[in-house]
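Trainee: Let's see this in three dimensions:
(2 chains)
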Amino acid sequence: GAVVSQHPSWVICKSGTSVKIECRSLDFQATTMFWYRQFPKQSLMLMATSNEGSKATYEQGVEKDKFLINHASLTLSTLTVTSAHPEDSSFYICSAQRQGGSPLHFGNGTRLTVT
Amino acid sequence: DQQVKQNSPSLSVQEGRISILNCDYTNSMFDYFLWYKKYPAEGPTFLISISSIKDKNEDGRFTVFLNKSAKHLSLHIVPSQPGDSAVYFCAASDPTTDSWGKFQFGAGTQVVVTP
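Mentor: Numbers count the residues shown, from 1 in each chain, chains lettered A, B, ... in the order given. Have a look, this model is predicted:
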């Protein structure tokens, strides 16, 4: 159990376009979902915390107007990278949590390349 | 400020031997710890957890030890298998904060198990 599906697994887009990444908890309801970004050989960097039905909480330094997060249901959260630029190219990972403090279950990540 | 540190970026171990991964933290309020395993281009997979009420937790070949006074935890894998070759992250959570579902991650340790 505790499967998290993230889609797409990779995407290439042109500079200036927007990209939407979906994160779904397939067999459980996630009260909270988290979005991360990982740079090569570095730790996961938490971008934002998303609770169903409320606005996402962004970490310091993360532009909320650039990285739009929607958590419409207990099983789906989306991250939209708006007006993407080459520096936004990265590996984005989501995680879902049944309740506060319980282990996180991660999606397989999305490799975004902006040309 | 990196509150969770994995000072060994890589570890090479022979198949059948013990792998010992170390993790240090600076926040004395951290009370719940997780270990994750990550293969390239995939999301992390939850391995094992430990809370401060214990100093050891075992699950099959994986054992996590916690030394709160030293702010140190370790993951032991025995016997190591080639399939264990991956990056291992430790993560910590502070349950006294409002967002105690959030975890701070270390930078990871790349484990390579050789035949």
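Trainee: show me where chain A has strands.
Mentor: Applying DSSP state E to chain A gives strands spanning A:4-7, A:10-13, A:19-25, A:32-38, A:44-51, A:57-58, A:67-73, A:76-81, A:90-97, A:105-106, A:110-114.
Trainee: Can I get the second one as CSV, trimmed to CA atoms?
Mentor: Output for strand A:10-13, consisting of C-alpha atoms alone and laid out as CSV, is shown next (Å, rounded to 0.1, in the frame of the first residue of the first chain):
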residue,chain,number,x,y,z
TRP,A,10,9.9,13.6,-17.6
VAL,A,11,9.0,16.6,-19.7
ILE,A,12,10.8,18.9,-22.0
CYS,A,13,9.3,22.4,-22.6
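Trainee: helices and strands around that strand, which ones?
Mentor: With contacts defined as 3 or more C-beta pairs under 8 Å, 6 or more residues apart in numbering or on different chains; DSSP states H and E, strand A:10-13 has these neighbours: strand A:19-25, strand A:110-114. No exception for glycine: its C-beta is placed from N, CA and C like everyone else's.
Trainee: Report the contact partners of the residue nearest to residue A:33 when sequence neighbours are not counted.
Mentor: Leaving aside its sequence neighbours, residue A:33 sits nearest to residue A:77 (C-beta to C-beta, 6 or more residues apart in numbering or on different chains; 4.0 Å). Going by C-beta atoms under 8 Å, 6 or more residues apart in numbering or on different chains, residue A:77 touches A:22-23, A:30, A:33, A:35, A:50, A:69-71, A:94, A:96.
Trainee: For residue A:77, name its beta-bridge partners.
Mentor: In this entry, residue A:77 is beta-bridged to residue A:23, by DSSP bridges.
Trainee: before we move on, the earlier item: using TSV, lay out the helices and strands packed on strand A:10-13 together with mean pLDDT and mean neighbour count.
Mentor: Output for the helices and strands packed on strand A:10-13, formatted as TSV (pLDDT from 0 to 100; neighbours: other C-beta atoms under 10 Å in any protein chain shown):
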stretch	mean pLDDT	mean neighbour count
strand A:19-25	96	21
strand A:110-114	94	18
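Trainee: could you redo the ones you listed as JSON lines and give each row distance to residue B:41?
Mentor: Shown next, in JSON lines, are those (distance: least, C-beta to C-beta, whole Å):
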{"stretch": "strand A:19-25", "distance to residue B:41": "15"}
{"stretch": "strand A:110-114", "distance to residue B:41": "7"}
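Trainee: For chain B, which residues are neighbours of chain A?
Mentor: Contact residues (C-beta under 8 Å from any C-beta of the partner chain) of chain B with chain A: B:2, B:9, B:32, B:34, B:36, B:41-46, B:49, B:89, B:91, B:93, B:95, B:99-103, B:105-108.
Trainee: which among the residues you listed end up buried?
Mentor: B:32, B:34, B:36, B:43-44, B:46, B:49, B:89, B:91, B:93, B:101-103, B:105-108 (16 or more other C-beta atoms under 10 Å in any protein chain shown).
Trainee: ok, so what distance separates the residue nearest to residue A:33 from residue A:36?
Mentor: Distance of residue A:77 to residue A:36, given as C-beta to C-beta, to the nearest Å: 12 Å.
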